[in-house]
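>>> Can you look at this prediction? I've put the sequence above it.
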Protein chains: 2
Amino acid sequence: MTAEAAMRVLIVEDDPVHRAFLREAVEVALPECDTVFEAEDGQSGERVAREHRLENVIMDLQMPQRTGVDAARTIWRERPATSILFWSNYADEAYVRGVSRIVPEGAAYGYLLKSASEDRLRLALRSIFLENQCVIDKEIRGVQQKSQDRSSGITDAEYEILLDLAIGLTDRVIAARRHMSLRSVQNRLQHLYGKLGVTHGETGEEAVFNLRTRAVSVAMLRKLLNRTALEQAEEEFRRWRERS
Amino acid sequence: MTAEAAMRVLIVEDDPVHRAFLREAVEVALPECDTVFEAEDGQSGERVAREHRLENVIMDLQMPQRTGVDAARTIWRERPATSILFWSNYADEAYVRGVSRIVPEGAAYGYLLKSASEDRLRLALRSIFLENQCVIDKEIRGVQQKSQDRSSGITDAEYEILLDLAIGLTDRVIAARRHMSLRSVQNRLQHLYGKLGVTHGETGEEAVFNLRTRAVSVAMLRKLLNRTALEQAEEEFRRWRERS
DNA sequence: AACGAATTTGCGGGAACCCGCAACGGGAGA
DNA sequence: TCTCCCGTTGCGGGTTCCCGCAAATTCGTT
């Protein structure tokens, strides 16, 4: 038991400029914080959080080696009550999906864009770390909404097959992996094509697009997919493959 | 003719934290610089450079709306003697290719990673803006080398078809667009597959991968491709399509 | 229990893809 | 000039993809 409410914060951020900026912001916004830890990648972020039993984390999302999502997952697995503020450059749906997939029941978390004003950042820091409130950037909210919308949004099932598609699997392998018939895979693909609005080309002439590749392309352009999501899917597939 | 060597510098960078950091660095490293202009996207960067006839630019690469490469291209088109220091987060081959494709004969330019030390940055500023020397980060050099290597590197022709592939075109459309026969397209594709090391799968069993999509996937993972490159290719294709 | 809607699966076929084989053509060097 | 090498083109085939049609199954609702 610490005598006073001595708060400690961990900053996980690879960019030194941003790291310094965050430390400054924490010191200004949270005078009750007496110690600021820093880590410059997900790997060591996990380690420091574990060693010092830290409960307040500011986490960059895109980092080399080990993503912010990865790090947050293991941190939350070890102590689900940790408060994490995600601090990211982009509002890609791929990231938003990644985060909301791992946040545990009742945990306080936040999702702020780096373009947010300093005031907003300071407010978010106090809300999350002192009052355990969730703070989600408005833009992120929009993405969350859209991704859950029935009509334009993409189902989890469809997202799953999109990943399989994106790493280049054949229909047959997808069928084997997901325990479906070949035809079902093709069905899901057609749904996906519909949702993404990919067609062979405007008119009824000859095909302009290869739907398979085109789907990946527009998913990328719409930021449904990004390299990080790809890497993760690749890794999962590798693991599945090893145990036959 | 300015009476003294009154240098002026333009900083084009969307992230306010980095922008402030850069301004600071310029003021320290270049005391002979008396005016620092700032722009927060490619669009206005071009405008400011044009209006004030600036010859020294620091340019972020990934920016919303209009890329650093785009902005640099038009700036250099208007005044090829401009010195530009590119300042980027990543050493993706896609970016490196994009830059070295547009740098005009004899222009001074630099390519620094944001992870470089402040000393390195200051040194680069002086080298480029005062002595018109090119300064390329070592990591970037490595990428440049590799991309020009005969064996592992990818030809411009192959890169071109990779882009067509990535935006989802069919063989036939690629053939029409590039004025080749269908078979030639398929040939190039096979070369590409070879270079990227994509196969149907390890053993001689059934195919695990769809080569087409798989190629895009590994190109992404290897950072040969990124979303920006995709966008650009998409745009070019659209233009080609309009004039039949 | 019964009904309707959404998924799953099979069948079949046309189109696109992947690719080995072979001939042709143009540029580099002996 | 002759030859060698590389890129292009055609042909033919096996495979995979894309998808309409229709029966079967699942699931939620009344």
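Noted; the coordinates are in hand.
>>> got a list of what residue A:57 touches?
Going by CB atoms under 8 Å, 6 or more residues apart in numbering or on different chains, residue A:57 touches A:9, A:10, A:11, A:12, A:45, A:49, A:72, A:75, A:82, A:83, A:84, A:85. Every C-beta, even on glycine, is put in place using the N, C-alpha and C of the backbone.
>>> Which ones among those also lie next to chain B?
By CB under 8 Å from any CB of the partner chain, no member of the contacts of residue A:57 lies near chain B.
>>> Show me what counts as buried in stretch A:88-103.
Within stretch A:88-103, the residues that count as buried by 16 or more other CB atoms under 10 Å in any protein chain shown are A:88-100, A:102-103.
>>> which helices and strands does the lowest-mean-pLDDT helix or strand in chain A pack with?
When the helices and strands of chain A are compared on mean pLDDT, DSSP states H and E, helix A:138-148 comes out lowest with a mean of 83. Judged by 3 or more CB pairs under 8 Å, 6 or more residues apart in numbering or on different chains; DSSP states H and E, the packing partners of helix A:138-148 are helix A:93-102, strand A:109-113.
>>> what do you get if the cut-off is 10 Å, keeping everything else the same?
In terms of contacts (3 or more CB pairs under 10 Å, 6 or more residues apart in numbering or on different chains; DSSP states H and E), helix A:138-148 is packed against helix A:93-102, strand A:109-113, strand A:135-136.
>>> mind exporting it as PDB, just the C-alpha atoms?
Output of helix A:138-148 as PDB, limited to C-alpha atoms (Å, rounded to 0.1, in the frame of the first residue of the first chain):
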ATOM      1  CA  LYS A 138     -15.000  11.300 -32.200                       C
ATOM      2  CA  GLU A 139     -13.400  10.100 -35.400                       C
ATOM      3  CA  ILE A 140     -12.800   6.700 -34.000                       C
ATOM      4  CA  ARG A 141     -16.400   6.600 -32.800                       C
ATOM      5  CA  GLY A 142     -17.400   7.100 -36.400                       C
ATOM      6  CA  VAL A 143     -15.400   4.300 -37.600                       C
ATOM      7  CA  GLN A 144     -16.700   2.000 -34.800                       C
ATOM      8  CA  GLN A 145     -20.200   2.800 -35.700                       C
ATOM      9  CA  LYS A 146     -19.700   2.200 -39.400                       C
ATOM     10  CA  SER A 147     -18.000  -1.100 -38.800                       C
ATOM     11  CA  GLN A 148     -21.000  -2.300 -36.800                       C
END
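>>> Chain A: helices as residue ranges?
A:16-29, A:42-52, A:68-78, A:93-102, A:118-131, A:138-148, A:156-166, A:171-178, A:182-196, A:211-221, A:227-242 (DSSP state H).
>>> Residue B:222 is nearest to which of these?
Closest to residue B:222 of the helices of chain A is helix A:227-242 (CB to CB; 10.0 Å).
>>> could I get the helices and strands packed on helix A:138-148 as JSON lines with distance to chain B and mean pLDDT?
Conversion of the helices and strands packed on helix A:138-148 to JSON lines gives the following (distance: least, CB to the nearest CB, whole Å; pLDDT from 0 to 100):
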{"stretch": "helix A:93-102", "distance to chain B": "11", "mean pLDDT": "88"}
{"stretch": "strand A:109-113", "distance to chain B": "11", "mean pLDDT": "94"}
{"stretch": "strand A:135-136", "distance to chain B": "20", "mean pLDDT": "94"}
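>>> Let me know which of these is the nearest to DNA strand C.
DNA strand C sits nearest to helix A:93-102 of all the helices and strands packed on helix A:138-148, at 18.8 Å, using CB to the nearest atom of the strand.
>>> packing partners for the closest one?
Secondary structure elements in contact with helix A:93-102, counted by 3+ CB pairs under 10 Å, 6+ apart, are helix A:68-78, strand A:83-88, strand A:109-113, strand A:135-136, helix A:138-148, helix A:156-166, helix A:211-221, helix A:227-242.
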